[in-house]
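Chemist: okay, sequence plus prediction incoming.
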Amino acid sequence: MSEAAAHDDHHDVQSTGLMRWLTTTNHKDIGTLYLLFSLTMFFIGGSMAMVIRLELFQPGLQFVDPQFYNSMTTMHALIMIFGAVMPAWTGFANWMIPMMIGAPDMALPRLNNWSFWILPFAFLMLLSTLFMPGGAPAGGWTMYPPLVLQTGDAFPYLIFAIHFMGASSIAGAINIIATVFNMRAPGMTLMKLPLFVWTWIITAFLLIASIPVLAGAVTMLLTDKFFGTAFFSAAGGGDPVMFQHIFWFFGHPEVYILILPAFGIVSAIIPTFARKPLFGYSSMVYATGAIAFLSFIVWAHHMFTVGMPLAGELFFMYTTVLIAVPTGVKIFNWVATMWRGSMTFETPMLFALAFVVLFTIGGFSGLMLGVTPVDFQYHDTYFVVAHFHYVLVTGAVFALMAGAYFWLPKWTGHMYNETLGKWHFWLSTISVNVLFFPQHFLGLAGMPRRIPDYAVQFSDFNMVSSIGGFVYGASQILFVVVVVKCVRGGEKATDEVWEGAQGLEWTLPSPPPFHSFTEAPDPSSITGGNR
């Protein structure tokens, strides 16, 4: 064999191993990398939550000192938001969007590879702060000055890591927009796109509009600490409240970045298992757009207690409550889709149903927090913690689980173990409510958040909450078992995985043809190719 041929042969061997994953521009490979990375971060961030719940199991300081405890709350939030949920949604987008719109790949495949490989380095930098003198950042994920400026050697690493995460998100968002607008199959107009694609387009625009705002805020923090500026220092003529305005102008669209793709996934799963087209397709698209627009004009509801003018408080209260309208439209449409459908309850549908019920609880507590005079009582208590975990755990994470079970057969070619999937669902759903529901009562009773020690009257609910947390954390190991078993083999998946329903293209704006029947027809009578 010639030397050149031997070199080529060696290159082929390499490209099937490590080099394949480092240099791949295939949207499915990159989607897989994103999903595996986010699963890893989910467990790292989750282990930090376990430290928090362990410390709060009883009053008094037991296991960690207050500085490390606050580092855990800060790192847990940053890792779960930027390391677990956002990369998971990008993984779903990479895998599914090209297939959903009939594109051969993403529009910018090399940018796609680069936007993934930034992430491991960003999080290595962030996690390395745990081993630095002065400890990891402990100013909360919101990084309010002057508290966060007390961070020691870890501070520039925190800022640089956030810039990296933001660069990755912006690159991914540009890629998705370019792909959907330029590479749709002939005849696929925007109003024929699956809801998941629509929610991701809108999410991508939110990312491009909000991430640079965060970059500006943290860069000003950096110059305040090292270069003598006084953007947020009252002593130097700056304003610490200005940081809150800039941060939450990013931070509120960010919570919709985390939840909008979940709406898209649930809008794919519920019609499939109800054997009916999605009710009110176009109203779903417009509601998503309305939510995205409103998300930019409600930011100061996170800061009602800073002493803003009454007119400001009223404006932010009204716009906040207004977001309930398009969100209510979505929930109504999901329920209407299920109405008189031929429903079956496989694991993806169970997670999607739990999402609808539990996300609604999070929405209602959010409405309570949006009412200004009431928020003065709830602000910075465990009521807020309960609210956003109902939105982000039983919301975003449950939708991620639903989507993973829904598409695992498509990704792996094998069916997952349905019994284990249902065990995972029931353990997760029961334990997550035991974990977060008591926190509403703790907040209403006045327990502040981000404290490692607390008054003795909060003991019982904290113990219940911690037990729920440990069970929830342990039950996620079942998910890994299900995924590993599915990847390694099992029953072969058919072309139409979900009892013939997968073949239906549920994007029709019209009501189902049998909406006036006394009984829903047999699902087999309405299957077939795209309708």
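Modeler: Received it, and whenever you're ready, just let me know what you need. Residues are numbered from 1 along each chain as shown.
Chemist: quick one: least confident helix or strand in this protein?
Modeler: Sorting the helices and strands of the chain by mean pLDDT, DSSP states H and E puts helix 3-16 at the bottom, at a mean of 47.
Chemist: can you name the residues in contact with stretch 17-37?
Modeler: Stretch 17-37 has contacts (C-beta atoms under 8 Å, 6 or more residues apart in numbering) with 14-15, 83, 87-88, 90-96, 98, 105-106, 109-110, 112-113, 116-117, 119-120, 404, 411. For the C-beta atoms, the positions are set from N, CA and C on the backbone; glycine is no exception.
Chemist: from A167, how far off is W200?
Modeler: 19 Å (C-beta to C-beta, to the nearest Å).
Chemist: between the two, which one's more packed in?
Modeler: Using other C-beta atoms under 10 Å as the criterion, W200 and A167 rank with W200 on top: 28 against 17.
Chemist: circling back to that earlier point, report the buried members of the contacts of stretch 17-37.
Modeler: Neighbour counting by 16 or more other C-beta atoms under 10 Å classes 83, 87-88, 90-96, 98, 105-106, 109, 112-113, 116-117, 119, 404, 411 among those as buried.
Chemist: quick one: which helix or strand includes the nearest residue to Y34 once chain neighbours are set aside?
Modeler: Nearest-residue entry for Y34: G91, 3.1 Å, with adjacent residues in sequence omitted and distances by C-beta to C-beta, 6 or more residues apart in numbering. For G91, the host element (DSSP states H and E) is helix 86-101.
Chemist: and the average pLDDT for the following helix or strand past that helix is what?
Modeler: With elements assigned by DSSP H and E, the helix or strand that comes after helix 86-101 is helix 109-128. For helix 109-128, mean pLDDT rounds to 97.
Chemist: residues of the next helix-or-strand element following helix 109-128 that come out buried?
Modeler: Using DSSP H and E, the helix or strand that follows helix 109-128 in sequence is helix 155-182. Residues of helix 155-182 classed as buried: 155, 157-177, 179-180 (neighbour count, 16+ other C-beta under 10 Å).
Chemist: low-scoring pLDDT stretches of the stretch 1-150 of the chain, where are they?
Modeler: Within the stretch 1-150 of the chain, the stretches with pLDDT under 70 are 1-15.
Chemist: can you do 50?
Modeler: 1-14 (pLDDT under 50).
Chemist: residues touching S210, list them.
Modeler: 249-250, 253-254, 257, 296.
Chemist: show me which pair in those residues is furthest apart.
Modeler: F249 and I257 (13.3 Å; C-beta to C-beta).
Chemist: with neighbour numbers in mind, choose between these two.
Modeler: Set side by side, F249 and I257 show more neighbours around I257, with 26 against 20, by other C-beta under 10 Å.
Chemist: biggest helix in this protein by residues?
Modeler: helix 240-274 (DSSP state H).
Chemist: buried set for it?
Modeler: For helix 240-274, burial by neighbour count (16+ other C-beta under 10 Å) applies to 243-274.
Chemist: ok, for A138, nearest residue in space, not its chain neighbours?
Modeler: A138's closest residue in space is N70 (C-beta to C-beta, 6+ apart), at 3.7 Å.
Chemist: could you tell me whether the one you found really is in a strand?
Modeler: No - the assignment for N70 (DSSP: H, G, I helix; E, B strand; the rest coil) gives helix, which keeps it out of a strand.
Chemist: any low-confidence regions in the stretch 151-300 of the chain?
Modeler: Answering for the stretch 151-300 of the chain: no residues sit below the bar, that is pLDDT under 50.
Chemist: for L190, give me its contacts.
Modeler: W198.
Chemist: state the distance from it to Y157.
Modeler: Counting by C-beta to C-beta - L190 and Y157 are separated by 42 Å.
Chemist: repeat for T381
Modeler: For T381, the distance to Y157 - C-beta to C-beta - is 31 Å.
Chemist: list the contacts for the nearest residue to I177 once chain neighbours are set aside?
Modeler: Nearest non-adjacent residue to I177, counting by C-beta to C-beta, 6+ apart: A204, 5.0 Å away. By C-beta under 8 Å, 6+ apart, the residues touching A204 are 172-174, 176-177.
Chemist: please report the distance of A204 from A234.
Modeler: A204 is 38 Å from A234, by C-beta to C-beta.
Chemist: what do you get for V85?
Modeler: 35 Å.
Chemist: who has more neighbours out of those two?
Modeler: Taking other C-beta under 10 Å, V85 and A234 do not tie; V85 has more neighbours (27 against 12).
Chemist: how about the nearest residue to V255, chain neighbours excluded?
Modeler: V391 (7.1 Å).
Chemist: my guess is that neighbour meets G366, correct?
Modeler: Yes - here V391 lies in contact with G366, judged by C-beta atoms under 8 Å, at a distance of 6.9 Å.
Chemist: shared neighbours of the two, anything?
Modeler: Residues touching both V391 and G366 (C-beta under 8 Å, 6+ apart): there are none.
Chemist: how close does the residue nearest to Y34 sit to P104?
Modeler: On the measure of C-beta to C-beta, G91 and P104 end up 19 Å apart.
Chemist: likewise Q377?
Modeler: Q377 is 55 Å from P104, by C-beta to C-beta.
Chemist: tell me which of the two has more neighbours.
Modeler: Q377 (13 against 9).
Chemist: host element of the more buried one?
Modeler: Short version, using DSSP H and E: Q377 is in helix 372-378.
Chemist: tell me which residues in that helix are buried?
Modeler: Result for helix 372-378 [16+ other C-beta under 10 Å]: buried residues 372, 375, 378.
Chemist: for stretch 124-137, same thing?
Modeler: For stretch 124-137, by 16+ other C-beta under 10 Å, it's 125-127, 129, 135-137.
Chemist: could you dump that stretch to PDB, C-alpha only?
Modeler: Written as PDB, here are the backbone C-alpha positions of stretch 124-137 (Å, rounded to 0.1, in the frame of the first residue of the first chain):
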ATOM      1  CA  LEU A 124     -14.700  24.300  32.400                       C
ATOM      2  CA  MET A 125     -13.800  28.000  33.100                       C
ATOM      3  CA  LEU A 126     -17.000  28.400  35.200                       C
ATOM      4  CA  LEU A 127     -16.500  25.100  37.200                       C
ATOM      5  CA  SER A 128     -12.800  25.900  37.700                       C
ATOM      6  CA  THR A 129     -13.800  28.800  39.900                       C
ATOM      7  CA  LEU A 130     -14.800  26.200  42.600                       C
ATOM      8  CA  PHE A 131     -11.000  25.600  43.100                       C
ATOM      9  CA  MET A 132      -9.800  29.200  43.200                       C
ATOM     10  CA  PRO A 133      -8.800  31.300  46.200                       C
ATOM     11  CA  GLY A 134     -11.800  33.100  47.600                       C
ATOM     12  CA  GLY A 135     -14.200  30.500  46.200                       C
ATOM     13  CA  ALA A 136     -16.600  30.400  43.300                       C
ATOM     14  CA  PRO A 137     -18.900  33.400  42.600                       C
END
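Chemist: from the chain's centre, how far out does that stretch sit?
Modeler: From the chain centre to the centre of stretch 124-137 is a distance of 24 Å (C-alpha atoms, centre = their mean, to the nearest Å).
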